[in-house]
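Trainee: Based on what follows, work out the 3D shape:
(one chain, ligands or ions: 1)
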Amino acid sequence: MAAPVEENTATAPEMSRQPSAHDLDVLSRQLGRPVRDVVEIPARCICGNPLVAATAPRLGNGTPFPTTFYLTHPVITSAVSRLEAAGVMNDMNGRLAADETLAAAYRSAHEDYLAARAAIGERSGIGAVPEIDGISAGGMPARVKCLHVLVGHSLAAGPGVNPLGDEAIAAISEWWTAERCYCDGAWDTAGEAPSRDLSRHGPQGLPEIVGRPAPVRKAAGTAGAGL
Ligand SMILES: [Zn+2]
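Mentor: Down below sits the predicted model:
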């Protein structure tokens, strides 16, 4: 095993949602940068390692933050990047425009995203963040702009909530499925977890979705789009 395995207490999902110090260490290794403002682990590998991190709807520095679910597992993020590179989002956008049933289900996914974020804000003591009312992520409710966001949402919400996230999960089954652990060798487990940003531009649109760049880091040309 590449990473220490933590037993998941299947009887206490609320407990397993809480990020442990070990979870935060694993997240930093998965992403190649320190993480901040992670308030829950909404989806885990069968071995217990995080698959998705939930970021607070308002960051510690006060910034409203709409992108709640961030896919962190490198095996899944690269598999989803392959789908994006293959043009899957164009196909989905075409179908959203043509298929009213799909479009309605996708709008419901957007509503679920907002409700899940509000619940996370409440559980984490942050409360309502009116600046981002009605704003979800990934292109929802009408477009697909980032498949990683949709897959992160589907993994967090479970099947049957985000139809296009579910489709993307089915489409990566040759590289990742929920029934197996793909953690061994998927990230560097030697030495200290990254204390500054060693990653290239993140795959999910914004480089600082999980935590802002570390203050020690000089702008490396990837400061990104901001919010
Ligand atoms: Zn695993």
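
Trainee: where does this protein come near the ion, residue by residue?
Mentor: Taking CB under 5 Å from the ion, the part of the chain that reaches the ion is made up of Cys45, Cys47, Asn49, Cys181, Cys183. Just so you know, the C-beta spots here come from the backbone N, C-alpha and C atoms, and that holds for glycine as well.

Trainee: Report the two of the residues you listed separated the most.
Mentor: Farthest pair in the residues of the chain next to the ion (CB to CB) is Asn49 and Cys181. Separation: 7.9 Å.

Trainee: of the two, who's got more company?
Mentor: Using other CB atoms under 10 Å as the criterion, Asn49 and Cys181 rank with Asn49 on top: 27 against 15.

Trainee: just checking, what packs against whichever strand or helix holds Asp112?
Mentor: Asp112 is part of helix 100-123, with elements assigned from DSSP states H and E. Judged by 3 or more CB pairs under 8 Å, 6 or more residues apart in numbering; DSSP states H and E, helix 100-123 is in contact with strand 38-44, helix 88-98, helix 147-157, helix 163-171.

Trainee: quick one: average pLDDT of the second one?
Mentor: Read that as helix 88-98. Averaging pLDDT along helix 88-98 gives 98.

Trainee: mind saving the C-alpha coords of that helix as CSV?
Mentor: The C-alpha trace of helix 88-98 is given here as CSV (Å, rounded to 0.1, in the frame of the first residue of the first chain):
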residue,chain,number,x,y,z
VAL,A,88,-17.1,14.6,-24.4
MET,A,89,-18.2,18.0,-23.2
ASN,A,90,-19.2,19.2,-26.7
ASP,A,91,-21.3,16.1,-27.1
MET,A,92,-23.0,16.7,-23.7
ASN,A,93,-23.7,20.3,-24.5
GLY,A,94,-25.2,19.3,-27.8
ARG,A,95,-27.5,16.9,-26.0
LEU,A,96,-28.4,19.4,-23.3
ALA,A,97,-29.6,21.7,-26.1
ALA,A,98,-31.7,19.0,-27.8
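
Trainee: ok so, going back, so which of the helices and strands packed on helix 100-123 comes closest to Ile120?
Mentor: Ile120 sits nearest to strand 38-44 of all those, at 6.0 Å, using CB to CB.

Trainee: tell me what that closest one is packed against?
Mentor: helix 13-17, helix 21-31, strand 50-55, helix 100-123, helix 147-157.

Trainee: angle of the longest one against helix 147-157?
Mentor: Okay, so that is helix 100-123. Per axes from the mean of the first three to the mean of the last three CA atoms, to 10 degrees, the angle that helix 100-123 makes with helix 147-157 is 70 degrees.

Trainee: So what's the residue count around Gly94?
Mentor: Neighbour count for Gly94, taken as other CB under 10 Å: 10.

Trainee: Ok, Trp187 next?
Mentor: Applying other CB under 10 Å, we find 20 residues neighbouring Trp187.

Trainee: hang on, it in a helix?
Mentor: No - counting by DSSP: H, G, I helix; E, B strand; the rest coil, one finds Trp187 to be coil, located in no helix.
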